[in-house]
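Participant: give me the fold of what follows.
(2 chains)
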Amino acid sequence: MSIFSMTKTLCKSILHGPYTVQYPLKPKEKYERTRGRIEIEINDCIFCGMCSRRCPTGAITINKPNQTWSIERLSCIQCNYCGEVCPKKCLHMANEYTTPSYDKVRDEYARVSDNQENN
Amino acid sequence: MGKRTIIPFGPQHPVLPEPIHLDLVLDDETVVEAIPQIGYIHRGLEKLVEKKDYQQYTYVAERICGICSFMHGMGYCMAVEEIMNVEIPERAKFLRTIWAELSRLHSHLLWLGLLADAFGFESLFMHSWRLRESILDIFEETTGGRVIFSVCDIGGVRKDISNETLQKIAAIMDRMEKETKEIADVFLNDSSVKLRTKGVGVLTKQQAFDLGAVGPMAKASGLSHDMRTTGYAAYCKLNFQPITATEGDSYARTVVRIGEVFQSYDLIKQAIALIPEGDIKVKVTGNPNGESFMRGEQPRGEVLYYVKANGTKFLDRVRVRTPTFANLPALLETLKGCSLSDVPILILTIDPCISCTER
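Facilitator: Below is the predicted model:
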(Lines give C-alpha, C1' and ligand atoms only; values in the text may rest on other atoms or scores of the structure.)
Protein backbone atom coordinates (compact mmCIF):
# COMPACT_ATOMS: atom_id res chain seq x y z
CA MET A 1 0.00 0.00 0.00
CA SER A 2 1.37 3.35 -0.96
CA ILE A 3 -0.01 6.85 -0.78
CA PHE A 4 2.82 8.65 -2.60
CA SER A 5 2.93 6.47 -5.74
CA MET A 6 1.99 9.39 -7.98
CA THR A 7 4.60 11.79 -6.54
CA LYS A 8 7.43 10.84 -8.94
CA THR A 9 5.25 11.36 -12.01
CA LEU A 10 3.91 14.65 -10.69
CA CYS A 11 7.40 16.01 -9.94
CA LYS A 12 8.51 15.11 -13.46
CA SER A 13 5.48 16.88 -14.89
CA ILE A 14 6.24 20.07 -12.99
CA LEU A 15 9.75 20.16 -14.43
CA HIS A 16 8.64 19.12 -17.92
CA GLY A 17 6.07 21.86 -18.49
CA PRO A 18 2.90 21.44 -20.55
CA TYR A 19 2.54 18.28 -22.64
CA THR A 20 -0.24 19.74 -24.73
CA VAL A 21 0.28 21.66 -27.96
CA GLN A 22 0.17 25.39 -27.25
CA TYR A 23 -2.46 26.06 -29.90
CA PRO A 24 -2.95 28.64 -31.49
CA LEU A 25 0.56 29.96 -30.72
CA LYS A 26 2.00 26.73 -32.07
CA PRO A 27 -0.12 24.96 -34.72
CA LYS A 28 -0.63 21.22 -34.56
CA GLU A 29 1.87 19.31 -36.66
CA LYS A 30 0.26 17.65 -39.69
CA TYR A 31 1.60 14.46 -41.17
CA GLU A 32 2.00 13.68 -44.84
CA ARG A 33 -0.85 11.17 -44.67
CA THR A 34 -3.21 13.28 -42.54
CA ARG A 35 -6.66 13.03 -44.10
CA GLY A 36 -8.09 16.53 -44.12
CA ARG A 37 -10.34 17.16 -47.09
CA ILE A 38 -10.74 16.02 -50.68
CA GLU A 39 -9.30 18.30 -53.35
CA ILE A 40 -9.82 18.02 -57.09
CA GLU A 41 -7.74 18.96 -60.11
CA ILE A 42 -10.87 19.85 -62.02
CA ASN A 43 -9.19 20.34 -65.38
CA ASP A 44 -7.97 16.71 -65.35
CA CYS A 45 -11.44 15.37 -64.49
CA ILE A 46 -13.29 13.50 -67.25
CA PHE A 47 -16.61 13.44 -65.30
CA CYS A 48 -16.86 9.66 -65.51
CA GLY A 49 -18.87 9.54 -62.27
CA MET A 50 -16.84 6.75 -60.69
CA CYS A 51 -16.23 8.80 -57.51
CA SER A 52 -19.88 9.70 -57.03
CA ARG A 53 -21.02 6.07 -57.56
CA ARG A 54 -18.47 4.67 -55.09
CA CYS A 55 -18.75 7.35 -52.38
CA PRO A 56 -20.15 5.55 -49.27
CA THR A 57 -22.10 8.65 -48.20
CA GLY A 58 -23.18 9.99 -51.59
CA ALA A 59 -21.43 13.30 -50.92
CA ILE A 60 -20.22 13.81 -54.50
CA THR A 61 -22.46 15.00 -57.35
CA ILE A 62 -21.39 15.27 -60.96
CA ASN A 63 -23.09 17.21 -63.69
CA LYS A 64 -21.58 16.00 -66.94
CA PRO A 65 -23.38 18.42 -69.34
CA ASN A 66 -22.35 21.45 -67.26
CA GLN A 67 -18.90 19.96 -66.53
CA THR A 68 -19.19 20.53 -62.78
CA TRP A 69 -18.08 18.43 -59.84
CA SER A 70 -19.43 19.21 -56.38
CA ILE A 71 -18.95 17.81 -52.91
CA GLU A 72 -21.02 18.27 -49.77
CA ARG A 73 -18.29 18.85 -47.20
CA LEU A 74 -20.35 17.85 -44.15
CA SER A 75 -21.35 14.51 -45.68
CA CYS A 76 -17.80 13.59 -46.68
CA ILE A 77 -16.23 11.10 -44.25
CA GLN A 78 -12.65 11.55 -45.55
CA CYS A 79 -12.25 7.88 -46.46
CA ASN A 80 -10.44 8.68 -49.73
CA TYR A 81 -12.28 5.90 -51.59
CA CYS A 82 -13.03 8.36 -54.41
CA GLY A 83 -9.32 9.12 -54.74
CA GLU A 84 -8.55 5.40 -55.01
CA VAL A 85 -11.08 4.66 -57.75
CA CYS A 86 -10.49 7.83 -59.81
CA PRO A 87 -9.12 6.67 -63.23
CA LYS A 88 -7.39 10.02 -63.88
CA LYS A 89 -6.04 10.32 -60.30
CA CYS A 90 -7.28 13.90 -60.14
CA LEU A 91 -8.69 13.53 -56.59
CA HIS A 92 -6.34 13.72 -53.65
CA MET A 93 -6.51 14.19 -49.91
CA ALA A 94 -5.20 17.50 -48.55
CA ASN A 95 -3.79 17.82 -45.01
CA GLU A 96 -5.94 20.80 -44.13
CA TYR A 97 -9.38 20.21 -42.66
CA THR A 98 -12.59 21.71 -44.01
CA THR A 99 -13.14 25.22 -42.66
CA PRO A 100 -15.85 25.25 -39.97
CA SER A 101 -19.11 26.80 -41.07
CA TYR A 102 -22.66 27.40 -39.88
CA ASP A 103 -24.23 26.07 -43.06
CA LYS A 104 -24.06 22.88 -45.04
CA VAL A 105 -21.45 23.76 -47.60
CA ARG A 106 -21.48 22.30 -51.09
CA ASP A 107 -18.26 23.17 -52.88
CA GLU A 108 -18.73 23.22 -56.64
CA TYR A 109 -15.89 23.11 -59.13
CA ALA A 110 -16.48 23.90 -62.79
CA ARG A 111 -14.14 22.94 -65.55
CA VAL A 112 -12.54 25.88 -67.26
CA SER A 113 -12.81 25.26 -71.00
CA ASP A 114 -9.78 25.79 -73.25
CA ASN A 115 -11.52 28.76 -74.94
CA GLN A 116 -12.14 30.45 -71.59
CA GLU A 117 -8.52 29.88 -70.60
CA ASN A 118 -7.29 31.51 -73.84
CA ASN A 119 -9.59 34.46 -73.27
CA MET B 1 -36.77 -5.61 4.45
CA GLY B 2 -36.79 -1.83 4.13
CA LYS B 3 -38.63 0.24 1.60
CA ARG B 4 -37.29 -0.27 -1.91
CA THR B 5 -36.58 2.65 -4.19
CA ILE B 6 -35.77 2.81 -7.86
CA ILE B 7 -33.06 5.21 -8.96
CA PRO B 8 -32.62 5.86 -12.69
CA PHE B 9 -28.95 5.78 -13.71
CA GLY B 10 -28.16 7.28 -17.11
CA PRO B 11 -28.55 7.69 -20.03
CA GLN B 12 -26.85 11.00 -19.21
CA HIS B 13 -24.44 10.54 -16.34
CA PRO B 14 -20.97 12.07 -15.74
CA VAL B 15 -19.30 8.65 -15.65
CA LEU B 16 -20.86 7.38 -18.86
CA PRO B 17 -19.10 8.25 -22.11
CA GLU B 18 -22.09 6.83 -23.98
CA PRO B 19 -25.79 6.52 -23.14
CA ILE B 20 -27.11 3.45 -21.35
CA HIS B 21 -29.97 3.50 -18.89
CA LEU B 22 -30.19 1.36 -15.75
CA ASP B 23 -33.03 1.28 -13.30
CA LEU B 24 -31.36 0.52 -9.99
CA VAL B 25 -33.68 -1.15 -7.46
CA LEU B 26 -32.25 -0.21 -4.07
CA ASP B 27 -32.78 -1.54 -0.60
CA ASP B 28 -31.43 1.32 1.51
CA GLU B 29 -28.12 1.99 -0.36
CA THR B 30 -27.61 -1.56 -1.62
CA VAL B 31 -28.48 -2.49 -5.17
CA VAL B 32 -30.92 -5.40 -5.30
CA GLU B 33 -31.48 -5.49 -9.01
CA ALA B 34 -30.50 -3.51 -12.10
CA ILE B 35 -32.79 -3.34 -15.12
CA PRO B 36 -30.99 -2.17 -18.28
CA GLN B 37 -32.44 -0.32 -21.20
CA ILE B 38 -30.50 0.20 -24.40
CA GLY B 39 -31.34 1.66 -27.79
CA TYR B 40 -30.44 5.33 -27.49
CA ILE B 41 -27.87 5.30 -30.26
CA HIS B 42 -29.06 2.57 -32.59
CA ARG B 43 -28.05 3.55 -36.12
CA GLY B 44 -29.18 0.55 -38.15
CA LEU B 45 -25.69 -0.20 -39.47
CA GLU B 46 -26.48 -3.89 -40.05
CA LYS B 47 -29.47 -2.95 -42.19
CA LEU B 48 -27.30 -0.55 -44.20
CA VAL B 49 -25.62 -3.55 -45.82
CA GLU B 50 -28.60 -3.70 -48.21
CA LYS B 51 -27.80 -0.22 -49.54
CA LYS B 52 -24.00 -0.24 -49.66
CA ASP B 53 -22.05 -2.73 -51.74
CA TYR B 54 -19.69 -5.12 -49.98
CA GLN B 55 -16.63 -2.92 -50.59
CA GLN B 56 -18.31 0.30 -49.46
CA TYR B 57 -19.47 -1.52 -46.33
CA THR B 58 -15.84 -1.73 -45.14
CA TYR B 59 -16.11 1.97 -44.32
CA VAL B 60 -19.46 1.45 -42.57
CA ALA B 61 -18.09 -1.44 -40.48
CA GLU B 62 -15.20 0.75 -39.34
CA ARG B 63 -17.67 3.29 -38.05
CA ILE B 64 -19.56 0.88 -35.77
CA CYS B 65 -17.31 2.06 -32.95
CA GLY B 66 -14.72 4.79 -32.57
CA ILE B 67 -12.39 2.88 -30.27
CA CYS B 68 -12.16 -0.56 -31.85
CA SER B 69 -12.79 0.89 -35.31
CA PHE B 70 -9.86 -0.92 -36.94
CA MET B 71 -10.84 -4.29 -35.49
CA HIS B 72 -14.40 -3.91 -36.76
CA GLY B 73 -13.05 -3.21 -40.24
CA MET B 74 -10.62 -6.11 -39.97
CA GLY B 75 -13.33 -8.50 -38.70
CA TYR B 76 -15.62 -7.67 -41.59
CA CYS B 77 -12.82 -7.90 -44.17
CA MET B 78 -11.64 -11.27 -42.81
CA ALA B 79 -15.17 -12.69 -42.98
CA VAL B 80 -15.59 -11.55 -46.61
CA GLU B 81 -12.09 -12.77 -47.51
CA GLU B 82 -12.99 -16.20 -46.16
CA ILE B 83 -16.10 -16.34 -48.38
CA MET B 84 -14.09 -15.27 -51.44
CA ASN B 85 -11.13 -17.56 -50.61
CA VAL B 86 -8.71 -14.66 -50.65
CA GLU B 87 -5.33 -15.21 -49.03
CA ILE B 88 -3.87 -11.85 -48.08
CA PRO B 89 -0.09 -11.16 -48.22
CA GLU B 90 2.00 -11.86 -45.12
CA ARG B 91 3.04 -8.20 -44.74
CA ALA B 92 -0.61 -7.15 -44.70
CA LYS B 93 -1.29 -9.67 -41.90
CA PHE B 94 1.52 -8.20 -39.81
CA LEU B 95 0.42 -4.62 -40.50
CA ARG B 96 -3.12 -5.55 -39.44
CA THR B 97 -1.73 -7.06 -36.24
CA ILE B 98 0.34 -3.95 -35.47
CA TRP B 99 -2.63 -1.62 -35.98
CA ALA B 100 -4.92 -3.94 -34.00
CA GLU B 101 -2.52 -4.00 -31.05
CA LEU B 102 -2.07 -0.23 -31.20
CA SER B 103 -5.87 0.02 -31.07
CA ARG B 104 -5.87 -2.19 -27.98
CA LEU B 105 -3.31 0.10 -26.35
CA HIS B 106 -5.34 3.16 -27.27
CA SER B 107 -8.52 1.59 -25.86
CA HIS B 108 -6.99 0.35 -22.61
CA LEU B 109 -5.18 3.64 -21.91
CA LEU B 110 -8.44 5.47 -22.56
CA TRP B 111 -10.23 3.12 -20.17
CA LEU B 112 -7.58 3.57 -17.46
CA GLY B 113 -8.07 7.33 -17.74
CA LEU B 114 -11.85 7.01 -17.51
CA LEU B 115 -11.53 4.76 -14.46
CA ALA B 116 -9.25 7.29 -12.76
CA ASP B 117 -11.73 10.02 -13.63
CA ALA B 118 -14.60 7.95 -12.18
CA PHE B 119 -12.99 7.76 -8.76
CA GLY B 120 -11.87 11.37 -8.90
CA PHE B 121 -8.13 10.97 -9.54
CA GLU B 122 -7.83 13.75 -12.12
CA SER B 123 -4.04 13.82 -12.53
CA LEU B 124 -3.95 10.05 -13.11
CA PHE B 125 -6.67 10.49 -15.71
CA MET B 126 -4.64 13.18 -17.51
CA HIS B 127 -1.44 11.12 -17.46
CA SER B 128 -3.19 8.03 -18.87
CA TRP B 129 -4.53 10.12 -21.72
CA ARG B 130 -1.15 11.76 -22.24
CA LEU B 131 0.25 8.32 -22.99
CA ARG B 132 -2.66 7.58 -25.29
CA GLU B 133 -1.89 10.72 -27.28
CA SER B 134 1.40 9.19 -28.53
CA ILE B 135 -0.60 6.24 -29.94
CA LEU B 136 -3.02 8.60 -31.70
CA ASP B 137 -0.06 10.40 -33.26
CA ILE B 138 1.23 7.06 -34.58
CA PHE B 139 -2.20 6.41 -36.08
CA GLU B 140 -2.24 9.81 -37.77
CA GLU B 141 1.24 9.37 -39.15
CA THR B 142 0.68 5.85 -40.50
CA THR B 143 -2.96 5.93 -41.59
CA GLY B 144 -3.95 9.60 -41.87
CA GLY B 145 -6.73 9.35 -39.28
CA ARG B 146 -6.55 9.57 -35.51
CA VAL B 147 -9.63 7.44 -34.77
CA ILE B 148 -11.03 6.08 -38.03
CA PHE B 149 -8.16 4.68 -40.08
CA SER B 150 -9.74 3.53 -43.38
CA VAL B 151 -6.72 1.33 -44.08
CA CYS B 152 -8.22 -2.15 -43.88
CA ASP B 153 -9.56 -3.42 -47.17
CA ILE B 154 -10.81 -6.70 -48.57
CA GLY B 155 -7.60 -8.34 -49.84
CA GLY B 156 -5.13 -6.64 -47.51
CA VAL B 157 -4.42 -3.11 -46.34
CA ARG B 158 -4.43 0.19 -48.21
CA LYS B 159 -1.30 1.74 -46.76
CA ASP B 160 2.13 0.40 -45.98
CA ILE B 161 4.33 1.47 -43.09
CA SER B 162 7.97 2.08 -44.06
CA ASN B 163 10.64 0.16 -42.18
CA GLU B 164 12.05 3.42 -40.73
CA THR B 165 8.63 4.31 -39.32
CA LEU B 166 8.30 0.79 -37.90
CA GLN B 167 11.63 1.21 -36.08
CA LYS B 168 10.41 4.56 -34.80
CA ILE B 169 7.23 2.91 -33.51
CA ALA B 170 9.34 0.24 -31.75
CA ALA B 171 11.36 3.01 -30.04
CA ILE B 172 8.12 4.77 -28.99
CA MET B 173 6.87 1.46 -27.54
CA ASP B 174 10.08 1.18 -25.46
CA ARG B 175 9.66 4.71 -24.14
CA MET B 176 5.97 4.25 -23.43
CA GLU B 177 6.58 0.97 -21.63
CA LYS B 178 8.74 2.80 -19.09
CA GLU B 179 6.23 5.62 -18.68
CA THR B 180 3.30 3.19 -18.37
CA LYS B 181 5.10 1.38 -15.55
CA GLU B 182 4.89 4.56 -13.46
CA ILE B 183 1.15 4.94 -14.13
CA ALA B 184 0.50 1.21 -13.62
CA ASP B 185 2.18 1.41 -10.24
CA VAL B 186 -0.42 3.97 -9.12
CA PHE B 187 -3.36 1.87 -10.39
CA LEU B 188 -2.07 -1.30 -8.76
CA ASN B 189 -0.49 -0.07 -5.51
CA ASP B 190 -2.01 3.24 -4.49
CA SER B 191 -4.08 2.82 -1.34
CA SER B 192 -6.90 5.18 -2.38
CA VAL B 193 -7.28 3.41 -5.74
CA LYS B 194 -7.26 -0.02 -4.10
CA LEU B 195 -9.98 1.03 -1.68
CA ARG B 196 -12.28 1.76 -4.61
CA THR B 197 -11.52 -1.36 -6.66
CA LYS B 198 -10.48 -4.23 -4.38
CA GLY B 199 -13.29 -6.66 -3.59
CA VAL B 200 -15.84 -4.59 -5.50
CA GLY B 201 -18.16 -6.35 -7.97
CA VAL B 202 -16.88 -9.89 -7.75
CA LEU B 203 -17.77 -12.18 -10.64
CA THR B 204 -16.85 -15.80 -10.00
CA LYS B 205 -15.35 -18.03 -12.67
CA GLN B 206 -18.55 -20.11 -12.86
CA GLN B 207 -20.72 -16.97 -13.18
CA ALA B 208 -18.45 -15.61 -15.91
CA PHE B 209 -18.75 -18.88 -17.81
CA ASP B 210 -22.52 -19.21 -17.33
CA LEU B 211 -23.24 -15.62 -18.32
CA GLY B 212 -20.96 -15.76 -21.36
CA ALA B 213 -18.59 -12.99 -20.26
CA VAL B 214 -15.79 -12.18 -22.68
CA GLY B 215 -12.53 -10.27 -22.76
CA PRO B 216 -10.92 -8.78 -19.63
CA MET B 217 -14.21 -9.36 -17.74
CA ALA B 218 -13.87 -13.14 -18.22
CA LYS B 219 -10.08 -13.16 -17.91
CA ALA B 220 -10.23 -11.37 -14.55
CA SER B 221 -12.45 -14.20 -13.29
CA GLY B 222 -9.93 -16.82 -14.35
CA LEU B 223 -11.31 -17.80 -17.77
CA SER B 224 -8.46 -17.98 -20.25
CA HIS B 225 -10.56 -16.98 -23.23
CA ASP B 226 -8.66 -14.99 -25.86
CA MET B 227 -9.52 -15.19 -29.55
CA ARG B 228 -5.98 -14.14 -30.53
CA THR B 229 -4.87 -17.64 -29.58
CA THR B 230 -6.84 -18.95 -32.59
CA GLY B 231 -4.05 -17.40 -34.68
CA TYR B 232 -5.87 -15.05 -37.05
CA ALA B 233 -3.86 -12.30 -38.83
CA ALA B 234 -0.22 -12.70 -37.70
CA TYR B 235 -0.98 -13.77 -34.12
CA CYS B 236 -0.02 -17.37 -34.98
CA LYS B 237 3.58 -16.14 -35.50
CA LEU B 238 3.77 -14.24 -32.21
CA ASN B 239 4.56 -15.59 -28.79
CA PHE B 240 2.05 -14.69 -26.08
CA GLN B 241 -0.23 -16.12 -23.42
CA PRO B 242 -3.61 -14.65 -22.38
CA ILE B 243 -3.37 -12.52 -19.24
CA THR B 244 -5.65 -13.80 -16.50
CA ALA B 245 -6.41 -13.12 -12.85
CA THR B 246 -8.47 -15.09 -10.36
CA GLU B 247 -10.16 -12.64 -7.99
CA GLY B 248 -12.88 -11.49 -10.43
CA ASP B 249 -13.24 -8.05 -8.81
CA SER B 250 -12.72 -4.56 -10.24
CA TYR B 251 -9.07 -4.64 -9.16
CA ALA B 252 -8.51 -7.90 -11.06
CA ARG B 253 -10.06 -6.36 -14.18
CA THR B 254 -7.65 -3.42 -13.85
CA VAL B 255 -4.74 -5.88 -13.42
CA VAL B 256 -5.75 -7.76 -16.59
CA ARG B 257 -6.05 -4.59 -18.66
CA ILE B 258 -2.71 -3.24 -17.45
CA GLY B 259 -1.19 -6.66 -18.20
CA GLU B 260 -2.65 -6.46 -21.70
CA VAL B 261 -1.15 -3.00 -22.20
CA PHE B 262 2.35 -4.40 -21.56
CA GLN B 263 1.53 -7.47 -23.65
CA SER B 264 0.55 -5.21 -26.56
CA TYR B 265 3.87 -3.33 -26.33
CA ASP B 266 5.61 -6.68 -26.55
CA LEU B 267 3.43 -7.98 -29.41
CA ILE B 268 4.02 -4.82 -31.48
CA LYS B 269 7.79 -5.13 -30.99
CA GLN B 270 7.64 -8.85 -31.92
CA ALA B 271 5.59 -8.06 -35.04
CA ILE B 272 8.01 -5.29 -36.09
CA ALA B 273 10.95 -7.69 -35.69
CA LEU B 274 9.27 -10.40 -37.78
CA ILE B 275 7.46 -8.38 -40.48
CA PRO B 276 8.41 -9.61 -43.98
CA GLU B 277 8.86 -7.48 -47.09
CA GLY B 278 6.34 -7.80 -49.91
CA ASP B 279 2.96 -6.75 -51.22
CA ILE B 280 0.29 -5.36 -48.94
CA LYS B 281 -2.78 -6.16 -51.00
CA VAL B 282 -4.09 -8.68 -53.52
CA LYS B 283 -6.60 -7.69 -56.15
CA VAL B 284 -10.09 -8.93 -55.39
CA THR B 285 -12.48 -9.44 -58.28
CA GLY B 286 -16.03 -10.74 -58.49
CA ASN B 287 -18.71 -10.85 -55.84
CA PRO B 288 -18.85 -12.99 -52.71
CA ASN B 289 -21.23 -15.95 -52.56
CA GLY B 290 -21.72 -17.97 -49.39
CA GLU B 291 -21.55 -17.36 -45.68
CA SER B 292 -18.89 -17.27 -43.03
CA PHE B 293 -18.17 -15.96 -39.58
CA MET B 294 -15.05 -14.61 -37.97
CA ARG B 295 -14.08 -14.37 -34.31
CA GLY B 296 -11.59 -11.76 -33.20
CA GLU B 297 -10.35 -10.28 -29.96
CA GLN B 298 -11.17 -6.65 -29.47
CA PRO B 299 -9.92 -4.66 -26.44
CA ARG B 300 -13.26 -5.40 -24.76
CA GLY B 301 -13.38 -9.06 -25.71
CA GLU B 302 -14.52 -11.41 -28.41
CA VAL B 303 -16.31 -9.99 -31.44
CA LEU B 304 -18.18 -12.20 -33.86
CA TYR B 305 -18.83 -11.20 -37.46
CA TYR B 306 -21.32 -13.20 -39.51
CA VAL B 307 -21.57 -12.39 -43.21
CA LYS B 308 -23.97 -13.93 -45.73
CA ALA B 309 -23.56 -13.14 -49.42
CA ASN B 310 -25.67 -14.05 -52.43
CA GLY B 311 -23.36 -13.61 -55.41
CA THR B 312 -24.30 -9.99 -56.06
CA LYS B 313 -22.36 -6.97 -54.85
CA PHE B 314 -24.90 -6.43 -52.06
CA LEU B 315 -24.67 -8.75 -49.08
CA ASP B 316 -27.73 -10.48 -47.63
CA ARG B 317 -26.83 -10.10 -43.98
CA VAL B 318 -24.13 -8.88 -41.66
CA ARG B 319 -24.44 -9.64 -37.98
CA VAL B 320 -22.06 -8.34 -35.35
CA ARG B 321 -22.02 -9.76 -31.82
CA THR B 322 -20.01 -7.22 -29.87
CA PRO B 323 -18.18 -7.76 -26.56
CA THR B 324 -20.13 -5.22 -24.53
CA PHE B 325 -23.39 -6.90 -25.52
CA ALA B 326 -21.99 -10.19 -24.21
CA ASN B 327 -20.76 -8.55 -20.99
CA LEU B 328 -24.03 -6.83 -20.03
CA PRO B 329 -25.54 -9.91 -18.25
CA ALA B 330 -22.30 -10.25 -16.25
CA LEU B 331 -22.49 -6.54 -15.34
CA LEU B 332 -26.06 -6.93 -14.05
CA GLU B 333 -24.93 -9.86 -11.91
CA THR B 334 -22.01 -7.94 -10.39
CA LEU B 335 -24.28 -4.97 -9.61
CA LYS B 336 -26.46 -7.10 -7.33
CA GLY B 337 -25.48 -6.51 -3.73
CA CYS B 338 -23.08 -3.63 -4.40
CA SER B 339 -23.31 -0.19 -2.86
CA LEU B 340 -24.87 2.66 -4.87
CA SER B 341 -21.56 4.55 -4.74
CA ASP B 342 -19.79 1.63 -6.46
CA VAL B 343 -22.18 1.51 -9.43
CA PRO B 344 -20.21 3.97 -11.63
CA ILE B 345 -16.94 2.05 -11.11
CA LEU B 346 -18.66 -1.27 -11.83
CA ILE B 347 -20.24 -0.02 -15.03
CA LEU B 348 -16.86 1.26 -16.14
CA THR B 349 -15.02 -1.97 -15.38
CA ILE B 350 -16.79 -3.79 -18.21
CA ASP B 351 -15.47 -0.95 -20.44
CA PRO B 352 -18.92 -0.34 -21.92
CA CYS B 353 -19.05 0.53 -25.60
CA ILE B 354 -22.66 1.32 -26.32
CA SER B 355 -22.05 2.31 -29.96
CA CYS B 356 -20.84 -1.25 -30.58
CA THR B 357 -23.71 -2.78 -28.62
CA GLU B 358 -26.44 -0.93 -30.47
CA ARG B 359 -24.79 -0.71 -33.90
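Participant: the nearest residue to residue B:223 once chain neighbours are set aside sits in which helix or strand?
Facilitator: In space, and not counting its chain neighbours, residue B:223 is closest to residue B:208: 5.3 Å by C-beta to C-beta, 6 or more residues apart in numbering or on different chains. Any C-beta I mention is one placed from the backbone N, CA and C, and that applies to glycine too. Element membership for residue B:208 (DSSP states H and E) is helix B:205-210.
Participant: for beta bridges, what are the partners of residue A:63?
Facilitator: According to DSSP bridges, the partner residues bridging residue A:63 are residue A:68.
Participant: distance between the helix or strand containing residue B:82 and the chain's centre?
Facilitator: Using DSSP H and E, residue B:82 sits in helix B:69-83. Centroid separation for helix B:69-83 versus its chain: 15 Å, with C-alpha atoms, centre = their mean, to the nearest Å.
Participant: just checking, next helix/strand downstream of it?
Facilitator: For helix B:69-83, the following helix or strand on the C-terminal side (DSSP H and E) is helix B:90-118.
Participant: tell me what angle that next one forms with helix B:69-83.
Facilitator: Note on geometry: by axes from the mean of the first three to the mean of the last three C-alpha atoms, to 10 degrees, helix B:90-118 and helix B:69-83 are set 140 degrees apart in direction.
Participant: give me the residue at the spatial middle of the chain.
Facilitator: All of this is about chain A. residue A:37 (1.2 Å; C-alpha atoms, centre = their mean).
Participant: um, chain B though
Facilitator: For chain B, the residue nearest the mean C-alpha position is residue B:299 (2.6 Å; C-alpha atoms, centre = their mean).
Participant: so it touches residue B:67, yeah?
Facilitator: Yes. Using C-beta atoms under 8 Å, residue B:299 is in contact with residue B:67, at 7.0 Å.
Participant: joint contacts of these two?
Facilitator: B:103, B:107 (C-beta atoms under 8 Å, 6 or more residues apart in numbering or on different chains).
Participant: one step back: now do the residue nearest to the centre of chain B, the pLDDT please.
Facilitator: According to the prediction, residue B:299 has pLDDT 89.
Participant: what's the answer for residue A:115, then?
Facilitator: 54.
Participant: check residue A:65 too.
Facilitator: So residue A:65 comes in at 86 (pLDDT).
Participant: residue B:71 too?
Facilitator: The model's pLDDT for residue B:71 equals 89.
Participant: how many residues are close by it?
Facilitator: 27 (other C-beta atoms under 10 Å in any protein chain shown).
Participant: who are the packing partners of the helix or strand encompassing residue B:356?
Facilitator: In the assignment (DSSP H and E), residue B:356 maps to helix B:354-358. Judged by 3 or more C-beta pairs under 8 Å, 6 or more residues apart in numbering or on different chains; DSSP states H and E, helix B:354-358 is in contact with helix B:323-335.
Participant: next helix or strand past the helix it packs on?
Facilitator: helix B:343-349.
Participant: report the mean per-residue pLDDT for that following helix.
Facilitator: Across helix B:343-349, pLDDT averages out at 85.
Participant: residue B:189: neighbour count?
Facilitator: The number of residues packed near residue B:189 is 13, by other C-beta under 10 Å.
Participant: quick check on it: phi, psi?
Facilitator: phi -120, psi -20 (degrees, to the nearest 10).
Participant: what stretches of the stretch 51-200 of chain B score poorly on pLDDT?
Facilitator: Low-confidence segments of the stretch 51-200 of chain B (pLDDT under 70): none present.
Participant: state the distance from the closest residue to chain A within the stretch 51-200 of chain B to residue A:60.
Facilitator: Per C-beta to the nearest C-beta, residue B:144 is where the stretch 51-200 of chain B lies closest to chain A, at 3.9 Å. Using C-beta to C-beta, to the nearest Å, residue B:144 is found at 19 Å from residue A:60.
Participant: same check, this time on residue B:125
Facilitator: The value you get for residue B:125 to residue A:60, if C-beta to C-beta is used, is 41 Å.
Participant: who has more neighbours, those two?
Facilitator: In terms of neighbours (other C-beta under 10 Å), residue A:60 is the more surrounded of residue B:125 and residue A:60; the figures are 22 against 18.
Participant: on the three-state scheme, residue A:109 is what?
Facilitator: strand (DSSP: H, G, I helix; E, B strand; the rest coil).
Participant: flag every residue of the stretch 101-250 of chain B that's near chain A.
Facilitator: Taking C-beta under 8 Å from any C-beta of the partner chain as the contact definition, the stretch 101-250 of chain B meets chain A at B:123-124, B:127, B:130, B:133, B:140-145, B:148, B:150, B:158-159, B:182-183, B:185-186, B:189-192, B:194.
Participant: these in helices, which ones?
Facilitator: Judged by DSSP state H, the subset of these located in helices is B:123-124, B:127, B:130, B:133, B:140-143, B:182-183, B:185-186, B:189, B:191-192, B:194.
Participant: so which residues on chain A come close to chain B?
Facilitator: A:1-3, A:5-6, A:8-10, A:13, A:19, A:31, A:33-35, A:54, A:56, A:77-81, A:84, A:93.
Participant: drop anything exposed from those.
Facilitator: Neighbour counting with 16 or more other C-beta atoms under 10 Å in any protein chain shown marks A:5-6, A:9, A:13, A:33-35, A:54, A:56, A:77-81, A:93 as buried within the residues of chain A next to chain B.
Participant: residue contacts, residue 55?
Facilitator: All of this refers to chain A. A:81, A:82.
Participant: chain B is the one I meant
Facilitator: Here residue B:55 is in contact with A:54, B:153, B:154, B:313 (criterion: C-beta under 8 Å, 6+ apart).
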